[in-house]
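*Asks:* here is the input, now give the coordinates:
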Amino acid sequence: MSRDMWDPVVYGRYAGERARPFFDLVARISAERPGHVVDAGCGSGELTAELARRWPDADVHGFDSSPAMIGKAPAGERLTFSVEDVVRWRPERPVDVLVSNAVLQWVPEHREILPRWAGALAPGGWLAFQVPGNFDAPSHTLVRELCRTRWRDRLGDLARESPVDDPAGYLDLLSALGCRVDAWETTYLHVLPGEDAVLRWITGTALRPMLDRLAPDEAEAFLGDCAALLNEAYPRRPYGTVFPFRRIFVVAQN
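*Replies:* Alright, predicted model coming up:
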């Protein structure tokens, strides 16, 4: 992209719901006293700081391709951050724990990167990542269909099919490298408050490439089209809007 498309305020709107899979992922890492921990695609860094709390003897480094996100990262003892791309990143020394939370779905070549990351681990090191697995849900299928209608000339090439594997695919990939792998999936039922709740969620994620391309008046019209479709697919109830969200988790030890 020609400019930074990630807005930390928009992305952080549902920080609690977005954090829960991170903690579920990290809970399955059995490293006791790692010395070097890396958070690949760390966003604004609040969850990276949780890794420093989890392992108080470790040096923890987070990196992200978004300068806006890294600009919001918290300072802390044993905690460093940098602006780097996950495709080009190479660790300066072996990594004891490498975590990537909801990032690899944006990296088409991530299946080629995972073997390199596994090879960057110290003996007995851990690789743990989670990615959204809801690309066949209405929140994504309706947007893909919309991009192929009156928005086809502007957004047709952004109508992505599922960019991730299922748990079995990652299990097969990493097991073939000699890793011991734990892979699973979970569907969370998020109950979102307010109007246009699902639209507001995906504005910070799935819609970012579209909104980054559109002029302000076009973006407003596109969001209006999205809202009409999503509000029908995810009706608002008295207690909120139920948003089922499937996620895929992988924890591997070399």
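*Asks:* please count neighbours and contacts with C-alpha atoms only from this point.
*Replies:* Noted.
*Asks:* for the helix ranked longest in the chain, name the packing helices and strands.
*Replies:* Longest helix in the chain, counting residues (DSSP state H): helix 216-233. The contact analysis (3 or more Cα pairs under 8 Å, 6 or more residues apart in numbering; DSSP states H and E) places helix 216-233 against helix 138-147, helix 197-203.
*Asks:* CA atoms of it as PDB?
*Replies:* The C-alpha coordinates for helix 216-233 follow below in PDB (Å, rounded to 0.1, in the frame of the first residue of the first chain):
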ATOM      1  CA  PRO A 216     -14.000   9.800   1.100                       C
ATOM      2  CA  ASP A 217     -17.400  10.100  -0.700                       C
ATOM      3  CA  GLU A 218     -16.900   6.700  -2.300                       C
ATOM      4  CA  ALA A 219     -16.000   5.100   1.000                       C
ATOM      5  CA  GLU A 220     -19.200   6.500   2.600                       C
ATOM      6  CA  ALA A 221     -21.300   5.000  -0.200                       C
ATOM      7  CA  PHE A 222     -19.500   1.700   0.100                       C
ATOM      8  CA  LEU A 223     -19.900   1.500   3.800                       C
ATOM      9  CA  GLY A 224     -23.600   2.300   3.400                       C
ATOM     10  CA  ASP A 225     -24.000  -0.700   1.000                       C
ATOM     11  CA  CYS A 226     -22.100  -2.900   3.400                       C
ATOM     12  CA  ALA A 227     -24.200  -1.800   6.400                       C
ATOM     13  CA  ALA A 228     -27.400  -2.800   4.600                       C
ATOM     14  CA  LEU A 229     -26.200  -6.300   3.800                       C
ATOM     15  CA  LEU A 230     -24.600  -6.900   7.200                       C
ATOM     16  CA  ASN A 231     -27.400  -5.700   9.300                       C
ATOM     17  CA  GLU A 232     -29.700  -8.100   7.500                       C
ATOM     18  CA  ALA A 233     -27.300 -11.000   8.000                       C
END
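*Asks:* quick check, Val250 in a strand?
*Replies:* Yes. Assessed with DSSP: H, G, I helix; E, B strand; the rest coil, Val250 lies in a strand.
*Asks:* tell me the contacts of it?
*Replies:* Leu25, Leu127, Ala128, Phe129, Gln130, Pro167, Tyr170, Leu171, Val181, Asp182, Ala183, Trp184 (Cα atoms under 8 Å, 6 or more residues apart in numbering).
*Asks:* one more pass at 6 Å, please.
*Replies:* Neighbour list for Val250: Ala128, Phe129, Asp182, Ala183 [criterion: Cα atoms under 6 Å, 6 or more residues apart in numbering].
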